[in-house]
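Colleague: The following block contains a protein sequence and its predicted model.
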Amino acid sequence: MLRRIALLCGFVVALPALAAAVDGTAPTPNIFAPVSTPAVLIREVAFFVLAITAVIFVIVAGFSVYTIVRYRRRPTDGPSEPPQIYGSDRIELAWTVVPFLIVVVLFLVTARYIWGIERRPQPPDAVEVTIVGNQWWWEIRYPKLGVVTANELHVPVSDPAQPTPTFITLESVDVIHSFWVPQLAGKMDVIPNKVNHVWIQPTRPGTYVGQCAEYCGIQHGLMLLVVVVHPKDEFERWVAAQRTPARDDAAARRGRDLFASLACINCHTIRGTPANGVFGPDLTHLMSRWTIGAGAARNTRENLHTWVEDPATLKLGALMPAMKVSREELEALTSYLVTLQ
């Protein structure tokens with residue numbers, strides 16, 4: 001119960017911040033508006049279960065109302081109780097067999113849908129992604145494409161005539177997380193020392209919001225994920241841009257040299273520079289992302305300045321330490337980071 005309350009509170013707090021960060025282009029997560037094959041299947045089985053339970057509710061409520069009205073006490077009734085009936089084979093049989101048959105049907109239908117989702121074979125042309133959960137951000141790797149990013153998953157739209165699913169491998173480096181993008185797929189736990197898998201097949205371009213759905217620490221509520229579904233040609237352009245090394249901007253060279261001289265390079269990678277750390281997000285194309293801190297704030301120069309100075313200002317408990325640099329050095333670092341397009 002406490003975990004559910006924490007998850008709900010995290011969603012309430014974090015979603016407005018993320019919605020503002022993506023300029024309102026990301027719809028509110030809605031399991032009843034799926035745009036991906038697994039999510040559609042989950043909605044179908046959910047509606048099926050809801051329909052059966054609704055019928056049961058109507059029948060039980062109807063009998064209850066009928067009993068209350070039909071056998072209510074009237075002014076003409078005497079003090080004695082109505083005739084009592086002890087035992088009925090037909091009633092006993094009905095409330096045993098009917099629930100058993102309902103459970104069997106629900107079991108078979110659910111098993112069929114689970115099999116259809118979990119046992120989907122991976123086609124040769126599927127996009128492969130590895131997502132690693134960290135406290136409190138997502139590392140996203142494309143092994144075949146040579147791309148590494150953070151907190152924003154970019155995938156191509158899947159044409160029904162020529163499906164292009166995305167198969168995702170889920171790992172964790174610290175505690176249990178849970179990958180959940182309601183409009184694209186169901187929840188899947190991300191567990192240390194265990195590899196889980198999930199796949200999505202979005203049929204509509206757009207931006208969709210996900211969330212870590214397992215309480216994982218103080219900033220669980222600010223461990224959000226943005227999924228951007230591109231048309232195929234646009235996705236190819238995004239991949240080509242992400243493969244390029246960091247831009248060498250002469251005007252920000254002092255900040256680059258300062259970045260390389262600090263502990264930043266022990267945690268972060270910027271391709272084309274000496275920075276090759278693996279403990280923090282890859283920053284090669286930092287400014288191409290909508291948010292910083294996995295949805296903690298919109299990715300602007302002002303927020304980036306604040307983040308570098310002291311991340312706890314925007315995300316209490318963030319594992320990145322405050323940078324003990326002078327005001328001038330802070331400005332130089334920020335000027336360099338905003339060139340990482």
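Modeller: Right, received. Where do you want to start?

Colleague: Could you look up the SS state of the nearest residue in space to residue 269 that is not next to it in sequence?
Modeller: Excluding the flanking residues, the one nearest residue 269 by C-beta to C-beta, 6 or more residues apart in numbering is residue 282, at 4.6 Å. To be clear about C-beta, it is placed using only N, CA and C from the backbone, and glycine gets the same treatment. Following DSSP: H, G, I helix; E, B strand; the rest coil, residue 282 is assigned to coil.

Colleague: Pull the contacting residues for residue 282.
Modeller: Neighbour list for residue 282: 139, 148, 149, 150, 268, 269, 270, 271 [criterion: C-beta atoms under 8 Å, 6 or more residues apart in numbering].

Colleague: Going by distance to residue 294, which of those wins?
Modeller: Nearest to residue 294 among the contacts of residue 282, counting by C-beta to C-beta, is residue 150 at 7.8 Å.

Colleague: any idea what sits nearest the closest one, other than its immediate chain neighbours?
Modeller: Nearest residue to residue 150 in three dimensions, chain neighbours excluded: residue 281, at 3.5 Å (C-beta to C-beta, 6+ apart).

Colleague: Give me the distance between that neighbour and residue 184.
Modeller: Distance of residue 281 to residue 184, computed by C-beta to C-beta, to the nearest Å: 22 Å.

Colleague: returning to what we had before: so which of the contacts of residue 282 sit within strands?
Modeller: Among the contacts of residue 282, DSSP state E puts 139, 148, 149, 150 in strands.

Colleague: Mind giving me the PyMOL select for the residues you listed, buried ones only?
Modeller: To isolate the buried members of those in PyMOL, using 16 or more other C-beta atoms under 10 Å:
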select buried, resi 139+148+149+150
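
Colleague: what about the stretch 201-341 of the chain, any weak spots by pLDDT?
Modeller: For the stretch 201-341 of the chain, applying pLDDT under 70 flags no range at all.

Colleague: burial of residue 106, as a residue count?
Modeller: Residue 106 has 15 neighbours, counted by other C-beta atoms under 10 Å.

Colleague: for residue 176, same thing?
Modeller: Counted with other C-beta under 10 Å, residue 176 comes out at 15.

Colleague: same check, this time on the one 3 residues further on
Modeller: By the other C-beta under 10 Å criterion, the neighbourhood of residue 179 contains 25 residues.

Colleague: separation between it and residue 170?
Modeller: The value you get for residue 179 to residue 170, if C-beta to C-beta is used, is 6 Å.

Colleague: before we move on, what about residue 122?
Modeller: Taken as C-beta to C-beta, the span from residue 122 to residue 170 is 15 Å.

Colleague: In terms of neighbours, single out the busier of these two.
Modeller: residue 170 (22 against 11).

Colleague: Tell me which residues touch that one, please.
Modeller: 130, 131, 133, 179, 188, 189, 190, 195, 196, 197, 198.

Colleague: before we move on, back to that, output the ones in strands among the contacts of residue 282 as TSV; include the columns distance to residue 46 and pLDDT.
Modeller: As requested, those are exported to TSV (distance: C-beta to C-beta, whole Å; pLDDT from 0 to 100):
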residue	distance to residue 46	pLDDT
139	31	94
148	35	92
149	32	93
150	32	92
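
Colleague: quick one: pLDDT of the nearest residue to residue 82 once chain neighbours are set aside?
Modeller: Using C-beta to C-beta, 6+ apart and skipping residues adjacent in sequence, the residue nearest residue 82 is residue 71, 7.0 Å away. Per-residue confidence (pLDDT) for residue 71: 82.

Colleague: Then residue 17?
Modeller: Residue 17 carries a pLDDT score of 47 in this model.

Colleague: how about the strands in this structure?
Modeller: In the chain, the strands defined using DSSP E lie at 127-134, 137-142, 147-150, 152-156, 166-172, 177-180, 188-190, 196-200, 206-212, 224-230, 291-292, 297-298.

Colleague: which stretch among those comes nearest residue 53?
Modeller: Minimum separation from residue 53 across those (C-beta to C-beta) falls at strand 177-180, 23.3 Å.
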